[in-house]
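Chemist: got a predicted structure plus its sequence, pasted below:
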Amino acid sequence: MKPLDRLLQRWRARVAGACVPPGARLLDVGCADGVLLRRLSPTLRRALGVDPEATPAQGRVEILRGTFPGEPRLPAGDFDCVTLLAVLEHVADPDALARECHRVLVPGGRVVLTVPHPVVDRILEILLRLRWIDGMETGQHHGFDASTTSSVFERAGFRTIADRRFQLGLNWLFVFERP
């Protein structure tokens, strides 16, 4: 990971982390190296990450290699908050992901997620060619339209409680609540 990748990752973690309730049992989907979990772990009751490419870890921050939804199958109602930072645009079935978030959250639980503006794909391609970032291939974005994010989660039974842009308008922060 290059310095620009790390800067953008930490920026997302700082913005999203401010929306995670203290004392929460947090599931970070697509946790990568666990930067968000490590940042918040002193304030959390539980910190669990799932990522298909993660190095498993145990301790105050637990990281599992797996997919969500998929394996490992997590218990229903086991979390107060689910975070998805730069994940939703990489998922082939966002509706299935939103339904699984609903299943694993307690009533009143939150989903905190970030998604990039569509113009970010073009910026990433340029930065990749310049070798300034190692980021994901934009072809893995499945043509996701960030403007559909609220409708995806509302179909799964959530209500939108925050929707705003950050990183110079190139990223969106959404917060959803399970009634």
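Modeler: Arrived safely.

Chemist: how about the strands in this structure?
Modeler: If DSSP state E is used as the criterion, the strands of the chain fall at 25-29, 46-51, 61-65, 79-85, 105-116, 159-166, 171-177.

Chemist: how about the contacts made by the most centrally placed residue in the chain?
Modeler: The residue lying closest to the centre of the chain (C-alpha atoms, centre = their mean) is residue 84, at 1.1 Å. With contacts defined as C-beta atoms under 8 Å, 6 or more residues apart in numbering, residue 84 is in contact with 29-30, 97, 101, 111-114. For glycine as for every other residue, the C-beta is placed from the backbone atoms N, C-alpha and C.

Chemist: and the residues you listed as a markdown table, adding distance to residue 41?
Modeler: Below are those laid out as a markdown table (distance: C-beta to C-beta, whole Å):
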| residue | distance to residue 41 |
| --- | --- |
| 29 | 16 |
| 30 | 17 |
| 97 | 24 |
| 101 | 21 |
| 111 | 19 |
| 112 | 16 |
| 113 | 20 |
| 114 | 19 |
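
Chemist: quick one on the thing from earlier: turn the strands of the chain into TSV, columns for distance to residue 72.
Modeler: TSV is the format used below for the strands of the chain (distance: least, C-beta to C-beta, whole Å):
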stretch	distance to residue 72
strand 25-29	11
strand 46-51	7
strand 61-65	6
strand 79-85	13
strand 105-116	17
strand 159-166	28
strand 171-177	23
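
Chemist: of those, which approaches residue 146 most closely?
Modeler: Taking C-beta to C-beta, strand 105-116 is the member of those nearest to residue 146, at 4.4 Å.

Chemist: now the angle from the closest one to strand 159-166?
Modeler: 30 degrees (axes from the mean of the first three to the mean of the last three C-alpha atoms, to 10 degrees).

Chemist: how far does strand 105-116 sit from its chain's centre?
Modeler: The chain centroid and the centroid of strand 105-116 are separated by 9 Å, computed with C-alpha atoms, centre = their mean, to the nearest Å.

Chemist: can you show me the helices along this structure?
Modeler: For the chain, applying DSSP state H gives helices covering 3-17, 35-40, 94-104, 120-129, 149-155.

Chemist: lowest average pLDDT across these?
Modeler: Mean pLDDT per stretch puts helix 120-129 lowest among the helices of the chain, at a mean of 73.

Chemist: okay, the angle between the worst-scoring helix or strand of the chain on mean pLDDT and strand 171-177?
Modeler: Within the chain, no helix or strand scores below helix 120-129, which has a mean of 73 by mean pLDDT, DSSP states H and E. On the basis of the same axes, to 10 degrees, helix 120-129 is oriented at 130 degrees to strand 171-177.

Chemist: any idea how far residue 60 lies from residue 40?
Modeler: 11 Å (C-beta to C-beta, to the nearest Å).
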